[in-house]
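>>> Provided below for reference: sequence and predicted model.
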Amino acid sequence: MTNKIEIFDPALCCPTGVCGPSVDPELTRVASTIFTLENKGFYIKRFNLGTEPRMFVENKVINTLLHEKGPDALPITLLNGEAVKIGEYPSNEEFAEWLHVNEQDLQEPASKTRLL
């Protein structure tokens, strides 16, 4: 069975971090890693507090953590329903460990297209 990863984000205008006045490199890294993993067939879901608050209420683990620690607990990562990361996003090393892949496989291949 493949591991199931769910990430519960704070309220974001977009999951990539490129929509505001300054780019958040951590959000960009996470979005890119998740995109790569999804394309390889792994189960990874993200939920945004701003657009999907019901998911935060209905998930007992998330609901409990938010009541205990407040919104600073976000982002929260669940692995097979268990909280494994609170208050920060998983590193590529953690994604690789949880999904049993090589960390190098999580990086986007460099584009071969050259801009003139």
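Sure, I can see it.
>>> Lowest-scoring secondary structure element of the chain by mean pLDDT?
Ranked by mean pLDDT, DSSP states H and E, the weakest helix or strand in the chain is helix 25-39, scoring a mean of 90.
>>> what's the following helix or strand after that one?
The helix or strand immediately downstream of helix 25-39 is strand 43-48, counting by DSSP states H and E.
>>> Rounded mean pLDDT for the next helix or strand after that next one, please.
Using DSSP H and E, the next helix or strand after strand 43-48 towards the C-terminus is helix 53-58. Across helix 53-58, the average pLDDT comes to 95.
>>> Please apply the same query to stretch 104-115.
What stretch 104-115 shows for mean pLDDT is 59.
>>> follow-up on the earlier one: who does the least confident helix or strand of the chain touch, helix- and strand-wise?
Counting contacts by 3 or more Cβ pairs under 8 Å, 6 or more residues apart in numbering; DSSP states H and E, helix 25-39 packs against strand 43-48, helix 92-99. C-beta coordinates here come from the backbone N, C-alpha and C atoms, glycine included.
>>> quick one, which of those is nearest to residue 72?
Of all the helices and strands packed on helix 25-39, it is strand 43-48 that lies closest to residue 72, at 16.6 Å by Cβ to Cβ.
>>> Report the buried residues of that closest one.
Across strand 43-48, burial judged by 16 or more other Cβ atoms under 10 Å covers 44, 46, 47, 48.
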